[in-house]
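[1] What follows is a predicted protein model with its sequence.
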Amino acid sequence: MTKNNAVVPIEIPVPASQHYSYPPPRGTDTKYPNYKKLLNQLELGGANKINSWLESMRASSPTQTRQNSILGSSLVMPLEDETDEWIEEHPSALFKFEQIMAMSKGKKIVMFLDYDGTLSPIVDDPDRAYMSEAMREAVRDVAMHFPTAIVSGRCTDKVLSFVRLKELYYAGSHGMDIVGPTKGPKHIKSKTKEVLCQPASEFLPIIEEISKALIEKTKMIPGAKVENNKFCVSVHYRCVDEKKWDTVAEQVKSVLNEYPKLRLTQGRKVLEIRPTIKWNKGNALEFLLETLGYADSSEVFPVYIGDDRTDEDAFKVLCEKGQGIGILVSKVPKETNACYSLREPSEVKEFLQELVQWKRSNEH
C-alpha cells in the first residue's frame, strides 16, 4: 500500500462486465415483501420507473403517525405486536451487552461506525449534521482500544471535518474512498499509517459532471439539495414538500438517463447516484479487515453499527462470514440483516462508553 512512505492508490480490478450493468436483484424477503419489492423497483427500473422511484421514496420515508398509510394500503406503519416481535428478534445491544462481550471472548474487536443517524442525529440540513462532543469523546476512547473506522456515504473529507479524529480509518462515498489514520493507533499490525483505496477513480470526471447537472435541474425545487460526495452524488429531499417528490424523481431520472455508467440507490430521504461497480460498504469492511491483518481470520470480531439501508451490505457480509455482529440504529422495525438494535445516537454513545469501560476493566 505504501512505498517509501508514499501513499499508493490501490485499484480494485473489476471485470468489464461489472462496470456498466445494474447489480442483480436482491432476494425477496417474505416478511416485508412490499417494502423489498419497491426497493428492487427503484434500482432495477422498469416501464413505470418514475412511479417506482416515487413509491420507494415514500416507502423509505414513512410518516410518524401509525394511522397514516404509505401507497394506500400496501404498506403501513407496524402495529405494536409487530414491533414487539421485531425487538425480540433484534434485541437492544445495550440489554444484551454481556452476551455480545461473551461472543467476542478471545477475539479482537474491530469497530465500524456509520455517521449520519448513528454518530450524529438526522437533521434537515446535511451540512449541519454535527456530532456532540460527548460522542466524539466516546469514539476517541473506543479508537484508543480497538481499530475503528467510520463508513459513510459522505465524502471522506466531509466526514473527517465532522469527526475531527486522526486515529480512525475513514471510508467515504460508501467505501469508495478509504483513508487510514494519520495518527497511528498502537493496535495497527502493519507499519502503514495511511491507506488509500479508490476503486472508482475513473468515475471522478463523470461524477463531477452529473453533480453540476443535478444542481441545475433541481435548483427550482424548494428544499432540494445536491451533495457531491466525490465518488457519488446525493440528492436530499428531506426538506422538499412531499407533493414535489415526483418532481425530484423526474429531474433525477432525466439526468441519470444520460449517464448509463451510473446507477441509483436510496437512503433515508436521499437519492444517491453511484458508479456501477461492485463495491459497497460491505466491500469496504472486508478491505479494512484485510488491511488490519485479519483477512479470513477467526480471531477477529467485527462490530458494525449503522442506521441506513446502505449499511445492510455490511450487515450481510458479517452474516455470510458468520462472525461479528451488526447493530441497526432505528426506532421502528425495519427489514435488516443486523442481529441487534439501538434506538438512536444517544444509545450508540452509551454502547461505546460501555465497551470502553468493559475493555478497561478487563485490562487490570
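    Cool, got the structure.

[2] For the stretch 151-300 of the chain, which segments count as helices?
    Per DSSP state H, counting those that start in this stretch, the stretch 151-300 of the chain carries helices over the ranges 156-163, 204-218, 245-256, 281-291.

[3] which of those is buried the deepest?
    Each of the helices of the stretch 151-300 of the chain was scored by mean neighbour count; the highest is helix 281-291, a mean of 22, by mean count of other Cβ atoms under 10 Å. Backbone N, C-alpha and C define where each C-beta goes, glycine included.

[4] Show residues contacting that one.
    Outside of helix 281-291, the residues within contact range by Cβ atoms under 8 Å, 6 or more residues apart in numbering are 1, 12, 110, 112, 147, 149, 151, 169, 171, 174-176, 178, 180, 190, 192, 195, 197, 199, 295, 297, 300, 302, 304, 306, 310-311, 313-314, 316-318.

[5] Pipe the helices of the stretch 151-300 of the chain into a markdown table and attach distance to Phe231 and mean pLDDT per row.
    Shown next, in a markdown table, are the helices of the stretch 151-300 of the chain (distance: least, Cβ to Cβ, whole Å; pLDDT from 0 to 100):
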| stretch | distance to Phe231 | mean pLDDT |
| --- | --- | --- |
| helix 156-163 | 9 | 94 |
| helix 204-218 | 6 | 95 |
| helix 245-256 | 16 | 92 |
| helix 281-291 | 12 | 95 |
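
[6] closest one to Ser341 among the ones you listed?
    Closest to Ser341 of the helices of the stretch 151-300 of the chain, according to Cβ to Cβ: helix 281-291, at 18.0 Å.

[7] before we move on, back to that, among the contacts of helix 281-291, which ones are buried?
    By neighbour count, with 16 or more other Cβ atoms under 10 Å, the contacts of helix 281-291 hold 110, 112, 147, 149, 151, 169, 171, 174-176, 178, 180, 192, 195, 197, 199, 300, 302, 304, 306, 310-311, 313-314, 316-318 as buried.

[8] quick one: which of the helices of the stretch 151-300 of the chain is nearest Ser346?
    Closest approach to Ser346 among the helices of the stretch 151-300 of the chain (Cβ to Cβ): helix 156-163, 17.3 Å.

[9] nearest to Glu350, of the helices of the stretch 151-300 of the chain?
    The closest of those to Glu350 is helix 156-163. By Cβ to Cβ, the value is 18.5 Å.

[10] Which ones among the buried ones among the contacts of helix 281-291 map onto strands?
    Among the buried ones among the contacts of helix 281-291, DSSP state E puts Val110, Phe112, Ala149, Val151, Tyr169, Ala171, Ile178, Cys197, Val300, Pro302, Tyr304, Gly306 in strands.

[11] beta partners for the first one?
    Residues found in beta-bridge contact with Val110 (criterion: DSSP bridges) are Pro302.

[12] cool, the last one as well?
    Gly306 has the following beta-bridge partners by DSSP bridges: Leu328.

[13] what's the answer for the fifth one, then?
    Beta-bridge pairing for Tyr169 (DSSP bridges): Ala149.

[14] Touching, it and Ser152? I think so.
    No. Using Cβ atoms under 8 Å, Tyr169 is not in contact with Ser152, being 11.4 Å away.

[15] Show the secondary-structure elements that whichever helix in the chain runs longest is packed against.
    With secondary structure taken from DSSP state H, the chain has its longest helix at helix 345-362. If you count contacts as 3 or more Cβ pairs under 8 Å, 6 or more residues apart in numbering; DSSP states H and E, helix 345-362 packs onto helix 97-103, strand 108-113, helix 133-145, strand 325-329.

[16] which of the ones you listed is buried the deepest?
    For those, the highest mean count by mean count of other Cβ under 10 Å goes to strand 325-329, at a mean of 25.

[17] Quick check: next helix or strand after that one?
    Downstream of strand 325-329, the first helix or strand assigned by DSSP states H and E is strand 340-342.

[18] just checking, what packs against that following strand?
    Using 3+ Cβ pairs under 8 Å, 6+ apart, the elements in contact with strand 340-342 are strand 325-329.

[19] What are the contacting residues of the strand it packs on?
    For strand 325-329, contacts defined as Cβ under 8 Å, 6+ apart pick out 90, 93, 100, 103, 114, 117-118, 301-307, 311, 314-315, 318-319, 334, 336-345, 347-348, 351.

[20] Kindly report the same for stretch 305-319.
    Surrounding stretch 305-319, the residues in contact under the criterion Cβ under 8 Å, 6+ apart are 39, 60, 111-114, 116-118, 151, 153, 174, 265-268, 272, 280-286, 302, 304, 324-330, 336-338, 342, 348, 351.

[21] how much distance is there from that stretch to the middle of the chain?
    Averaging C-alpha positions (Cα atoms, centre = their mean, to the nearest Å) puts stretch 305-319 7 Å from its chain's average.

[22] pLDDT averaged over that stretch, what's the number?
    Averaged over stretch 305-319, pLDDT sits at 95.

[23] what sits against Asp124?
    If you count contacts by Cβ under 8 Å, 6+ apart, Asp124 has them with Arg238, Cys239.

[24] repeat for Val303
    Ile100, Ile109, Val110, Met111, Phe112, Gly324, Ile325, Ile327.

[25] Recalculate using a threshold of 10 Å.
    Residues in contact with Val303 (Cβ atoms under 10 Å, 6 or more residues apart in numbering) are 93, 100, 104, 109-113, 142, 146, 148, 318, 324-327, 340, 351-352, 355.

[26] how close does it get to Glu250?
    41 Å (Cβ to Cβ, to the nearest Å).
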